[in-house]
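**Student:** model this:
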Amino acid sequence: MMKTRLIALAVASLLATPAIANAHDATDEGWSGTGEMGLAISKGNTDSQSLVGKLRAKRVQGPWAYAAGAAFLNGKANGKESAYRYEAFGSAARDLNEKSYIVGNLRTERDHYASYEYQNIASANYGFRAIESEATHLTFEVGAGYRWSKLQNLRVHENGAIARGSMDFKHQFNDNVAIYDTLLVESGKANTFIRNDIGVLVKMTDALALKAGVETRHNTDVLPGIKKTDTLTTVNVVYGF
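**Tutor:** Numbers count the residues shown, from 1 in each chain. All right, here's what the predicted structure looks like:
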């Protein structure tokens with residue numbers, strides 16, 4: 001219980017500290033981000049439709065950086081719901097120097113067809129910018145946190161401390177084409193959750209782009225009859241703001 005309170009206090013402190021930041025020496029770049037939407041329709045032996053959407057926004061204010069976002073997946077097969085998941089996240093980071101920073105992360109997700117009905121995570125992490133150039137971005141984060149989760153259709157809660165790690169990579173080949181790869185690992189005694197999102201982004205206009213990607217989600221501990229790994233292949237239209 002004490003460990004849970006300390007982790008929650010650390011994350012809350014990171015998310016709340018902007019209120020006491022020195023405004024006079026902060027360069028506020030305002031909010032920017034992307035919104036994307038994709039629709040996949042299959043007709044034949046199986047009629048299926050899947051709708052996916054993502055929203056991500058960030059703001060840099062002097063040594064502080066904030067991010068927030070959400071995503072959803074809704075699918076139907078032969079007129080019946082076959083997939084329904086939504087998630088949201090938020091973070092606040094504070095630079096220590098040009099290479100290092102500390103960051104508090106909050107993440108929540110709900111899935112009607114996975115082993116876990118919901119997973120809520122709070123964590124405090126250390127981040128390192130391994131590469132930060134005009135063409136290439138590569139950062140790593142490592143830390144610890146706490147996860148609250150519930151098994152699907154069961155009154156069983158699996159709560160406990162976790163170790164968290166993440167990677168964020170992007171390489172810009174030219175003004176119009178880029179590749180990306182993001183990895184998230186949340187590992188606890190009951191379950192290890194791994195999510196990897198890899199793909200290519202092709203810019204069409206200053207505001208619009210096409211994004212083709214593969215998202216893989218893996219849970220090491222699942223209920224009988226549920227696969228450990230889910231894979232989602234998408235082609236989305238992306239709008240930048």
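
**Student:** Please name the nearest non-neighbouring residue to the most centrally placed residue in the chain.
**Tutor:** Centroid-nearest residue in the chain: Phe89, 6.6 Å away (criterion: CA atoms, centre = their mean). When the adjacent residues along the chain are set aside, Phe89 lies closest to Arg107, with 4.4 Å between them (CB to CB, 6 or more residues apart in numbering). All C-beta atoms are positioned from the backbone trio N, CA, C, and that covers glycine.

**Student:** Put the alpha carbons of the host helix or strand of the residue nearest to the centre of the chain into CSV.
**Tutor:** Using DSSP states H and E, Phe89 maps to strand 80-95. Extracted C-alpha coordinates of strand 80-95, given in CSV (Å, rounded to 0.1, in the frame of the first residue of the first chain):
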residue,chain,number,x,y,z
LYS,A,80,-22.2,-9.0,-34.9
GLU,A,81,-19.7,-7.0,-32.9
SER,A,82,-16.3,-8.7,-33.0
ALA,A,83,-14.0,-6.1,-31.6
TYR,A,84,-14.4,-3.1,-29.2
ARG,A,85,-11.5,-1.4,-27.5
TYR,A,86,-10.7,2.1,-26.5
GLU,A,87,-7.8,3.6,-24.6
ALA,A,88,-6.4,7.0,-23.4
PHE,A,89,-3.2,8.3,-22.1
GLY,A,90,-1.5,11.4,-20.7
SER,A,91,2.0,12.3,-19.7
ALA,A,92,4.1,15.2,-18.3
ALA,A,93,7.9,15.3,-18.8
ARG,A,94,10.6,17.6,-17.4
ASP,A,95,14.0,18.0,-19.0
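
**Student:** quick revisit: so which bits of the host helix or strand of the residue nearest to Phe89 are buried?
**Tutor:** Assessed by DSSP H and E, Arg107 sits inside strand 100-111. By neighbour count on 16 or more other CB atoms under 10 Å, the buried set for strand 100-111 is 101-111.

**Student:** Adding distance to Gln152 and pLDDT as columns, could you present these in TSV?
**Tutor:** Shown next, in TSV, are these (distance: CB to CB, whole Å; pLDDT from 0 to 100):
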residue	distance to Gln152	pLDDT
Tyr101	36	99
Ile102	35	99
Val103	30	98
Gly104	29	98
Asn105	24	98
Leu106	22	98
Arg107	19	98
Thr108	16	98
Glu109	13	97
Arg110	10	97
Asp111	8	94
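
**Student:** returning to that earlier point: and the strand holding Arg107, what does it pack against?
**Tutor:** helix 2-16, strand 80-95, strand 116-132, strand 136-151 (3 or more CB pairs under 8 Å, 6 or more residues apart in numbering; DSSP states H and E).

**Student:** Now the longest one: buried residues?
**Tutor:** Neighbour counts over strand 116-132 (16+ other CB under 10 Å) mark 116-119, 121-125, 127, 129 as buried.
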